[in-house]
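Peer 1: okay, predicted coordinates and the sequence, questions at the end:
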Amino acid sequence: MIAEVIVDISNSEVDRIFDYAVGNVAVECGSRVMIPFGNRKIEGYVIGLKDNTDVPPDKLKEICDVLDDRPVIGKEMMTLAHEMSKRYHLRYVDILRLFIPSQMRGGKIKELKKRYVRIADAYRECSPDTFIRPSAKAQREVFDYVAEKGETDTAYLGREFSAAAVRNLTERGIFVCFERGQRRTPYSAELGENKSVTLTAAQQNAVNAICESKGISFLLHGVTGSGKTEVYMHCIAAALQAGKTAIMLEPEISLTPQVLRNFRARFGDSVAILHSGLSAGERFDEWRRLLTGEAKVAIGARSAIFAPLCNVGLIIIDEEHDGSYVSDSNPRYSTLEVATMRAKYNGCNLVLGSATPSVESYHKARVGEYQLLELKERIASRPLPEIEIVNMCEELRSGNNGFLSRRLMSALSDCMDEGNQAIIFINRRGYSSFVMCPSCGYVAKCERCDVSLVYHRDENVLKCHYCNNRYSSLDICPQCKSPHLRQGYIGTQKVAEQIRKMFPDKNVLRMDNDTTQNKDSHLEILRRFGERDADILVGTQMIAKGHDFPCVTLVGIVDADMSLHFADYRAAERTFQLITQVAGRAGRDVKPGRVVLQTYSPNHYVYRLAARNDYAGFFEKECNLREVTKYPPFSKIVRILITSESQDAAFAALKADFDDMNVLARENSDCFAYLSAMKAPVKKIQDRYRVQIIARIVKDFDRLIGRIYDITDAHADGKSTCFVEINPSNMS
Ligand code: ADP
Ligand code: ZN
Ligand code: ZN
């Protein structure tokens with residue numbers, strides 16, 4: 001028999017299938033194997049078995065070894081790898097590497113095994129006096145201990161009694177020695193109670209709709225605090241009941257011990273957790289429990305979509321709008337698309353949940369591609385927090401040029417006087433170099449694209465990152481003639497300092513990239529705040545997601561505009577989502593919540609609609625804009641990013657690709673809304689020059705993307721690297 005093998009080297013020259021003779025090892029499709037390659041031995045994956053090969057017998061090598069006790073890549077994952085390679089033009093090996101824990105490769109981690117002894121059957125019934133001499137006291141002690149306790153850890157016996165005695169008894173066949181896999185359990189110390197709740201009518205409706213259907217994609221639009229998690233749990237329980245498995249994804253940052261504890265409490269050992277906070281050993285064990293079928297529910301961040309489960313009955317993507325579901329480094333893929341592929345293969349339901357669905361998903365619900373389910377009210381009819389908009393231009397005019405408005409300061413005082421907790425949110429997304437006038441709120445925008453312009457210091461110009469239009473830089477505000485234009489953002493540290501000065505007897509915690517360098521530190525900050533170890537939490541985006549702090553009654557949004565003027569076509573959408581999510585942290589328990597939102601553009605539709613909790617209104621407005629400007633969901637953006645150490649090579653590749661792209665666009669003129677070549681916004685990273693082609697495709701995307709891959713393949717010359725990205729979440 002012949003095995004088709006993908007070798008575990010990521011290199012375009014070896015990105016093909018190699019044939020190996022199976023010999024007398026037990027190889028199956030999906031097995032990980034050791035193979036001779038060149039003059040060394042490396043790992044590979046068997047992706048097919050066949051009877052014949054074109055490789056001449058004297059050239060055909062034999063597989064050396066099979067690495068695990070079972071195939072690690074199942075039939076479904078094989079199909080998925082195939083689909084992903086077609087869709088994203090990825091190397092097989094890069095895809096297969098997504099499917100298994102990275103530590104497993106190269107044999108860096110294995111199942112943890114411990115040695116145990118038990119008393120052999122033949123010696124169990126008769127008196128030990130007949131085979132242990134009275135003088136061998138140590139042997140007798142060990143024997144009596146094992147006789148009483150049953151199977152015992154050999155290392156423990158060696159430590160507490162005598163290793164020599166254990167050895168002697170084993171050699172004489174009185175003890176039987178064996179190995180057993182040891183499980184490294186994450187969050188095993190996290191005990192939670194399994195609250196059983198009665199679903200609200202709206203929750204029950206959603207659960208019924210999901211459980212009574214098959215192969216449908218649902219969009220669960222539920223306001224913050226409406227109890228979406230409970231809906232997920234009921235649907236997962238139903239899938240398990242039906243003998244199936246389930247996958248639930250959360251953004252990495254929301255996978256707090258609190259969430260995991262609740263799931264463990266409800267589903268016990270059926271749950272396996274996959275995320276980067278686990279130790280390598282824990283992750284491997286959790287993954288293996290899914291592979292062997294011992295665990296049936298996978299919970300994790302983006303990569304848990306590749307959980308090695310069979311017979312998947314339900315896939316849930318919580319906070320589906322979250323940007324972290326798009327991988328924008330190699331291998332690039334969209335989690336939502338991969339989830340759709342898996343749901344289709346398994347004929348199961350896909351549930352996307354959010355309080356603020358992405359415009360694309362909501363659009364799909366509108367046109368009937370997704371079935372819309374709504375939870376319009378918070379649990380126990382708790383009101384959504386009231387959002388109050390403060391005009392910072394006015395604040396400046398009346399002489400307050402600090403970060404905090406008088407309104408927010410007085411609200412903060414009230415909140416502290418009442419003994420409650422507050423969250424102060426500082427909006428900071430990406431590199432923010434838009435130009436704004438603090439006296440009138442003017443922001444420089446591209447005339448063609450309606451996105452904010454970005455100031456480029458080196459050339460002293462303003463640029464649009466979507467169409468590359470250039471504008472001269474501004475010295476005074478074109479609207480109110482003020483010479484004091486502002487660039488850049490407010491630092492969390494400064495805000496935290498000012499608040500500490502205002503409330504010297506209160507505890508202020510800060511959470512941003514600086515305070516969370518360490519992997520667990522963000523959890524530590526959330527834990528301390530949750531345990532009321534602090535009164536005020538000052539932080540960035542990280543504090544916006546899904547956390548449930550019952551005593552928070554005030555949320556202050558310091559610099560709401562930051563993401564609004566981000567140079568991204570989704571700026572308005574992201575801002576609406578952020579405000580709704582952060583505001584949703586307030587008043588989640590019995591005490592009502594309040595939100596103070598500071599802005600220089602108080603009349604912007606995003607703020608008006610967010611303050612009214614009017615998602616549908618926001619969607620209408622945004623969707624119309626996108627339709628006119630031909631941005632997603634009315635097109636797909638394709639970015640061909642070319643990087644090279646040599647600027648000439650980058651430009652040569654760019655020109656070759658662009659010429660062919662122009663031909664393609666001419667032949668399909670009704671499919672292209674836009675096509676242009678330019679330098680990337682960040683022109684050089686790690687000594688590599690970056691240039692790009694951007695296209696917006698309004699029709700026939702599935703056909704055209706194949707043509708685009710053909711074009712970029714044709715000009716791959718080894719001097720430059722090319723990535724094709726579909727609707728990238730990051731355009732830098
Ligand atoms: P969401 O994810 O929609 O923001 P959560 O799932 O966090 O909301 O639920 C908010 C709170 O309501 C949680 O504390 C949850 O335990 C509680 N909850 C959910 N469903 C019910 C219910 N049917 N009855 C009582 N409490 C509930
Ligand atoms: Zn533009
Ligand atoms: Zn102005």
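Peer 2: Cool, the structure landed. Ligands and ions are numbered 1, 2, ... in the order given.
Peer 1: quick check: chain neighbours aside, which residue is closest to Ser213?
Peer 2: Asn349 (6.4 Å; Cβ to Cβ, 6 or more residues apart in numbering). Every residue, glycine included, has its C-beta placed from N, CA and C.
Peer 1: can you report how many residues neighbour the one you found?
Peer 2: When neighbours are defined as other Cβ atoms under 10 Å, Asn349 has 25 of them.
Peer 1: and Lys114, helix, strand or coil?
Peer 2: The local conformation at Lys114, judged by DSSP: H, G, I helix; E, B strand; the rest coil, is strand.
Peer 1: you'd agree it is up against Arg180?
Peer 2: Yes - in this structure, Lys114 is within contact of Arg180 by Cβ atoms under 8 Å, at 6.0 Å.
Peer 1: give me the element Val638 is part of.
Peer 2: Val638 belongs to strand 636-644 when assigned by DSSP states H and E.
Peer 1: give me the residues contacting that strand.
Peer 2: For strand 636-644, contacts defined as Cβ atoms under 8 Å, 6 or more residues apart in numbering pick out 631, 650, 653-654, 657, 661, 680, 685, 688-697, 701, 705, 708, 712, 719-728, 731.
Peer 1: what parts of the chain come near ligand 1?
Peer 2: 197-200, 203, 222, 224-230, 379, 548 (Cβ under 6 Å from any ligand atom).
Peer 1: out of those, which are inside strands?
Peer 2: Gly222 (DSSP state E).
Peer 1: now for the residues of the chain next to ligand 1: which two are most distant?
Peer 2: Maximum pairwise distance among the residues of the chain next to ligand 1 (Cβ to Cβ): 20.9 Å, between Thr198 and Thr224.
Peer 1: so which of these two has more stuff around it?
Peer 2: Comparing Thr198 with Thr224 by other Cβ under 10 Å, the one with more neighbours is Thr224, at 23 against 7.
Peer 1: hmm, that one is touching Arg378, no?
Peer 2: Yes - in this structure, Thr224 is within contact of Arg378 by Cβ under 8 Å, at 7.4 Å.
Peer 1: what do these two both touch?
Peer 2: Counting by Cβ under 8 Å, 6+ apart, the residues touching both Thr224 and Arg378 are 384, 588.
Peer 1: picking that back up, verify the contact between the residue nearest to Ser213 and Lys214 for me.
Peer 2: Yes - using Cβ under 8 Å, Asn349 makes contact with Lys214 at a distance of 6.7 Å.
Peer 1: so what's the closest residue to Met77 other than its chain neighbours scoring on pLDDT?
Peer 2: Spatial nearest neighbour of Met77, chain neighbours left out: Phe99 (5.4 Å); criterion: Cβ to Cβ, 6+ apart. pLDDT for Phe99: 94.
Peer 1: burial measure for Phe99, as a count.
Peer 2: Phe99: 20 neighbours (other Cβ under 10 Å).
Peer 1: OK, contacts around it?
Peer 2: 72-73, 77, 81, 306, 308.
Peer 1: if I look at Phe284, how far off is Asn52?
Peer 2: Going from Phe284 to Asn52 by Cβ to Cβ, to the nearest Å gives 37 Å.
Peer 1: those two: who's more crowded?
Peer 2: Phe284 (22 against 8).
Peer 1: so, in contact with ligand 2 or not, the strand holding Val638?
Peer 2: No - figure legend: strand 636-644 not in contact with ligand 2 (Cβ under 5 Å from the ion); closest approach 13.0 Å.
Peer 1: show me what that strand pairs with in its sheet, parallel or antiparallel.
Peer 2: According to DSSP bridges, strand 636-644 forms sheet pairs with strand 688-697 (antiparallel), strand 721-726 (antiparallel).
Peer 1: ligand 3 is nearest to which of the ones you listed?
Peer 2: Nearest of the strands paired with strand 636-644 to ligand 3, taken as Cβ to the ion: strand 688-697 at 31.2 Å.
Peer 1: ok so, going back, now do the residue nearest to Met77 against Gly353, distance only.
Peer 2: In terms of Cβ to Cβ, Phe99 sits 25 Å off from Gly353.
Peer 1: can you check Gly300 too?
Peer 2: For Gly300, the distance to Gly353 - Cβ to Cβ - is 16 Å.
Peer 1: where does pLDDT dip in the stretch 251-400 of the chain?
Peer 2: Counting by pLDDT under 70, the stretch 251-400 of the chain shows no low-confidence range.
Peer 1: do the same with the stretch 551-700 of the chain
Peer 2: Looking at the stretch 551-700 of the chain by pLDDT under 70, you get 566-567.
Peer 1: contact residues of it facing ligand 3?
Peer 2: Counting by Cβ under 5 Å from the ion, the stretch 551-700 of the chain has no residue next to ligand 3.
Peer 1: for the stretch 551-700 of the chain, which segments count as strands?
Peer 2: Residue ranges of the strands in the stretch 551-700 of the chain, as given by DSSP state E, counting those that start in this stretch, are 552-557, 594-599, 636-644, 672-685, 688-697.
Peer 1: repeat that for the stretch 201-350 of the chain.
Peer 2: Under DSSP E, counting those that start in this stretch, the stretch 201-350 of the chain gives strands at 217-222, 245-249, 271-274, 297-300, 312-318, 326-327, 333-334, 349-354.
Peer 1: before I go, just wanted to say thanks for your time.
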